[in-house]
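Engineer: okay, sequence plus prediction incoming.
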Number of protein chains: 2
Amino acid sequence: VMAFLNKFWGFLQRAWKIAVNEPNKLMHCLKVGLALSLVSLFYYMRPLYEGVGGNAMWAVMTVVVVSEYTVGATLSKSVNRAIGTFLAGALGVGVHWVATQSGEKLEPVILQAAVFLLAAAATFSRFIPSIKARFDYGAMIFILTFSLVSVSGYRVEKLFKMAHDRLSTIAIGTSICILISMLVCPVWAGTELHNLIKNNMEKLSDSLDGCVAEYFENDVKADNTKNEASNKILQAYKCTLNSKATEESLANFARWEPAHGGFNFGHPWQEYLKVGASVRSCAYCIEALNGSSIYSDAKVPDFLKKHFSKFCIRLSTSCSAVLKELSIAISTMTKSSKIDIMVEEMRNAVEELENALKSLSKQQIASTETKTGDSVNDIGEGNGSPAVVTLAEIVPLVTLTSLLIEIAARTEKTAEAVTTGRESRIQS
Amino acid sequence: VMAFLNKFWGFLQRAWKIAVNEPNKLMHCLKVGLALSLVSLFYYMRPLYEGVGGNAMWAVMTVVVVSEYTVGATLSKSVNRAIGTFLAGALGVGVHWVATQSGEKLEPVILQAAVFLLAAAATFSRFIPSIKARFDYGAMIFILTFSLVSVSGYRVEKLFKMAHDRLSTIAIGTSICILISMLVCPVWAGTELHNLIKNNMEKLSDSLDGCVAEYFENDVKADNTKNEASNKILQAYKCTLNSKATEESLANFARWEPAHGGFNFGHPWQEYLKVGASVRSCAYCIEALNGSSIYSDAKVPDFLKKHFSKFCIRLSTSCSAVLKELSIAISTMTKSSKIDIMVEEMRNAVEELENALKSLSKQQIASTETKTGDSVNDIGEGNGSPAVVTLAEIVPLVTLTSLLIEIAARTEKTAEAVTTGRESRIQS
C-alpha cells in the first residue's frame, strides 16, 4: 500500500510540475470546463431546449471532441466536423430518397450497399497522406454521419428535421469552442511553431558551444556540480532530433488560423518546416560528434590541442552566434543587418581552421625534418617540444574540426532557409 | 478545368499505388465496411431493435470510432471506451443522486460545478505523458459520457436504463470491431513494430555499404542509371531518422494485444524501442557522413585512397553484416550463433583500420625523410610515388574512418540491445 501511495504521490508531483511550468495547459483545462458549462446551459434553459430538442446532446459531444489545445487544431476539427457532417448528411438524404423509390424489398439492400461502399472509400481516403494531414477527422465524421443518417432513416420519418438539428447543434458547439479558444488566453499553433523553431535553434547553439568547450577543457571535469548543469546544455540539442512530427502537425494546424500577432493568414508556415529540417541536420552532426569516441581517448598531444583550440572555438563561437542571430531574426521576423557579416565571419573561421590544418602538416613535416637537420625550435608554439606527431594521435582532433566545418556548412544552409522564408513571407 | 482533371488523375494514381502496394490497407477498408454493415443489421432486424432501443445509434458510432488499422489500436480504443464510459456513467449517476437530494435550487448548480471540475481535471490528465500514452482516448470518453449523463439526467427520468443501454451498445460495437479486426486478415501492431525495426536495420546496413562504396568508387559516377538506384539505397536510412514516434505508438498498441504469431502477451515491446533508438543513433552518424563535405572535395591522393579502401570497406562490410545478422536474429527471434564471431570480426576490422592509420603516419614521415635521405621507393604501395602528404589532404579520409569507427561502436551497442531484449523475453 505504501508503495502505491508513494507512486501516487510521485504522480501528483509530476502533475503539479506540469501545471506550474505550463500555465497555458492549466488554462486550457479551465477553458474546456467553461465551454462544457456553457453548452449544458442549453439543457437548463427551457426555451433553448425546445428549439433544438433532445438533439442538444450533439452540441455537448461536439464541444468535448472539438476542444483542442491550440486554436488551429480546434478550427481544423470544427471545419472538418461541419463539412463532414454536411456532406454525409446530404448524401445520406439522397441515398435514402433513391432507396425509398426502389421499393420496399430493395430499400435495405441499397442502404446496406451504400454504407459498405462509402465507408470503405472514406476509410481508404484516410490512408492517403495529403488527405490524412488535413481531413482525417472529417473523413471519420463523414462515415459516422452517413451511417447514422442512412441507417436511422429507415426508422425515423423526419429525416430532414434530424439532419437540420444535427447541423445546428454542431454549429452551436463549434462556435462556442472556437470563440472560447480564440478569446480566452488563445494558444496559437503558429506561435507555438514559431517558438519551437526559435528555441530549437537556441538550444542547438548552446549545445554546440558546450560541446566544443568541453572537448578543449576536459581538465575541469573534476567539478561535478558544474558538470551537471553543463551536461543539461550539452543534451539540449536532443529535443531537436525528434521534433519533426510536432513541427508538421503544428504547421498543418497553423494554416487554419486567422491573422494573429505578427502573422497574417497565409503566413508561409511551410518555410518553417524547411528551416526546422536544416536545424535538424545540424543537430545530427552534433549527435555524431557528441558522445562519440573523440572524448574517450584524449591521446591528442597537448600543444596541438592548445594550438587548435583557438581556431575551433572561434569557429564554433561564430557558428553558434549565427544560429543565435538567426533565432533572433526569426523571433522578430526582420532581416538581421548583421547576419551577412556573421556568415562571412563564419566562413573566415572555416578558412582559418583549414589553413591551420595545412600549416600543421607543414609544421609536422618540418618537425620531422628538424630531427635530421639541426635547427631545433625555430618553429612552433614556442613550447620547446614540436615532437613528431603520428596521425593516429590527431584523428579525434581532425574529426572534430571536420565535423565543425560540416556544421558550419549546414548552418549556412539554415541561414539561407531563413532568408528565403522571409522573402516568401514578404511576397505573399 | 483540364488542370483540375489532371490533378485529380494524379491523385487517383497515387491512391491506386497505395492500394496495390499495401493490400492490407485495402483490406482494412473492407473490414470497416463489413463491421458497419453488421452493426446496421441491428436496425433492420426488429427483435434486436426493440432490445436496445433508439440507442442502437451508439453501436454505430462505436464501430466507426473504434475501427483502427492494427488490432492493438482497436483493442486499446475499445478498452478505453468501455472503461471511460463505465467510470463516467457510475460517477454521473452518483452525482445525479447527490444533486437530487439537495433540493431543486441547488441541483443545477451542483451538476454544473461537477461537470466543470471533472472536465477540467480529466482534460488536465491528458497532458500527463504516462496517461496520454495509454488512456488519452479514455479520458476524452470519460468527459463526454459524464457530461451527457449528468446533463441529460436533469431531463431523462430513466437514467439507469440509459446508462445500461449505452454500455450494452458499446459492448456490441466493440465486440464486433474486435472480432473482425482479429479474425479477418489481422494486422498486429506487434508484428508491424517487429518488421519496422527489422527493415530499418536492413536499410541502414545497405546504406552504410553504399555510402562507403560510393566514396571509394567515385569514378563510376558517369553511369547515371546505376546512380539513381544506388541513390535510393543511399537514402534508405533516412526513414530511420524519424521513426521514433511511429515506434512508440506501435509499442503502446502492441502491449494490448493477445498472443499472436511467435509473440506472447507481455512480450517485451519496450526492448524494441531500445533497439530502435540505437539503430537510430547509427543512422545519425551516417547522416553526418552522407552528403557531407567528404564527397565534394576529393583532394585525397589516390594511392592513399586505395591503401585505405580495403580497410574501410572491410570495416563497413563487417559492420553491415552485423546489422544484417541482427535483423535476421530479430526476425527469427533466436540467438544467432554467428553474431559473437561477427562482432569480434568487426572489432578486428576496427583495430586494423586504426593500425593502418598508425602505419600511415610512419610511412608519411618516412616519405618525408626519404627526401632528405636518398632511399626512394623502398616503402609504400609500390606505386612509385610516396609523395609528401599534407594533413589537409587527408582530412576527409580521416573523418570517414573516424565516423566508421563510431558507427561500429554504435552497432556493437545495438547488438547488446538485441541480446538484452532476447534475454528479457526468455525471462518473462
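Structural biologist: Good, I have the coordinates.
Engineer: packing partners for the strand or helix carrying A:Phe146?
Structural biologist: In this assignment (DSSP states H and E), A:Phe146 forms part of helix A:129-152. The criterion is 3 or more Cβ pairs under 8 Å, 6 or more residues apart in numbering or on different chains; DSSP states H and E, and the helices and strands that helix A:129-152 contacts are helix A:71-101, helix A:103-125, helix A:159-183, helix A:244-254, helix B:23-44, helix B:56-66. No exception for glycine: its C-beta is placed from N, CA and C like everyone else's.
Engineer: same question for it, mean pLDDT?
Structural biologist: For helix A:129-152, the mean per-residue pLDDT is 85.
Engineer: the residue nearest to A:Ile330 when sequence neighbours are not counted: what's it in contact with?
Structural biologist: Of all residues not flanking A:Ile330 in the chain, A:Lys198 sits nearest, at 5.2 Å (Cβ to Cβ, 6 or more residues apart in numbering or on different chains). A:Lys198 makes contacts with A:Ser327, A:Ile330, A:Ser331, as judged by Cβ atoms under 8 Å, 6 or more residues apart in numbering or on different chains.
Engineer: could you dump those to CSV with secondary structure and pLDDT?
Structural biologist: Formatted as CSV, the contacts of A:Lys198 follow (DSSP: H, G, I helix; E, B strand; the rest coil; pLDDT from 0 to 100):
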residue, secondary structure, pLDDT
A:Ser327, helix, 84
A:Ile330, helix, 80
A:Ser331, helix, 79
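Engineer: confirm that A:Pro258 sits in a helix.
Structural biologist: No: A:Pro258: not assigned to a helix; according to DSSP: H, G, I helix; E, B strand; the rest coil it is coil.
Engineer: mind checking how far it is from chain B?
Structural biologist: 24 Å (Cβ to the nearest Cβ, to the nearest Å).
Engineer: leaving out chain neighbours, which residue sits closest to that residue?
Structural biologist: A:Phe265 is the one closest to A:Pro258 (Cβ to Cβ, 6+ apart), at 5.4 Å.
Engineer: compute the number of surrounding residues for that neighbour.
Structural biologist: 12 (other Cβ atoms under 10 Å in any protein chain shown).
Engineer: for it, what are its contacts?
Structural biologist: A:Glu257, A:Pro258, A:Ala259 are the contacts of A:Phe265 under Cβ under 8 Å, 6+ apart.
Engineer: residue ranges with poor pLDDT in the stretch 51-200 of chain A?
Structural biologist: A:51-56, A:153-159 (pLDDT under 70).
Engineer: one more time with 90
Structural biologist: Residues of the stretch 51-200 of chain A that meet the criterion pLDDT under 90 lie in A:51-70, A:72, A:85-86, A:88-116, A:119, A:121, A:123-136, A:144-173, A:176, A:181-200.
Engineer: neighbours around the residue of the stretch 151-300 of chain A found nearest chain B, how many?
Structural biologist: Nearest residue of the stretch 151-300 of chain A to chain B, counting by Cβ to the nearest Cβ: A:Ala288, 3.7 Å away. Applying other Cβ under 10 Å, we find 27 residues neighbouring A:Ala288.
Engineer: likewise for A:Lys238?
Structural biologist: Using other Cβ under 10 Å: A:Lys238 sits among 15 other residues.
Engineer: also the one 5 residues further on?
Structural biologist: Using other Cβ under 10 Å as the criterion, A:Ser243 is surrounded by 20 other residues.
Engineer: what does A:Ser130 give?
Structural biologist: 10.
Engineer: host element of the nearest residue to it once chain neighbours are set aside?
Structural biologist: Distances taken as Cβ to Cβ, 6+ apart put B:Phe11 closest to A:Ser130, at 7.8 Å, once the chain neighbours are dropped. In this structure, B:Phe11 sits in helix B:2-21 according to DSSP H and E.
Engineer: pLDDT on that helix, on average?
Structural biologist: pLDDT averaged over helix B:2-21 gives 83.
Engineer: who are the packing partners of that helix?
Structural biologist: Looks like helix B:2-21 contacts helix A:103-125, helix B:23-44 (3+ Cβ pairs under 8 Å, 6+ apart).
Engineer: reformat those as JSON lines; add distance to A:Ser175 and mean neighbour count.
Structural biologist: Shown next, in JSON lines, are the helices and strands packed on helix B:2-21 (distance: least, Cβ to Cβ, whole Å; neighbours: other Cβ atoms under 10 Å in any protein chain shown):
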{"stretch": "helix A:103-125", "distance to A:Ser175": "26", "mean neighbour count": "18"}
{"stretch": "helix B:23-44", "distance to A:Ser175": "30", "mean neighbour count": "20"}
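Engineer: ok, back up a step: and the residue nearest to the residue of the stretch 151-300 of chain A closest to chain B when sequence neighbours are not counted, what does it touch?
Structural biologist: Leaving aside its sequence neighbours, A:Ala288 sits nearest to B:Ala288 (Cβ to Cβ, 6+ apart; 3.7 Å). Residues in contact with B:Ala288 (Cβ under 8 Å, 6+ apart) are A:Tyr284, A:Cys285, A:Glu287, A:Ala288, A:Leu289, A:Leu403, A:Glu406, B:Leu403.
Engineer: so how far is A:Glu271 from the residue sitting nearest the centre point of chain A?
Structural biologist: When Cα atoms, centre = their mean is applied to chain A, the residue found nearest the centroid is A:Glu247 (2.7 Å). A:Glu247 is 12 Å from A:Glu271, where distance means Cβ to Cβ, to the nearest Å.
Engineer: before we move on, the earlier item: just send the contacts of A:Lys198 back as CSV, with neighbour count and distance to B:Val418 too.
Structural biologist: CSV is the format used below for those (neighbours: other Cβ atoms under 10 Å in any protein chain shown; distance: Cβ to Cβ, whole Å):
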residue, neighbour count, distance to B:Val418
A:Ser327, 21, 39
A:Ile330, 20, 41
A:Ser331, 16, 44
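Engineer: so which of these comes closest to B:Ala113?
Structural biologist: A:Ser331 (41.5 Å; Cβ to Cβ).
Engineer: right, I'll call it a day here.
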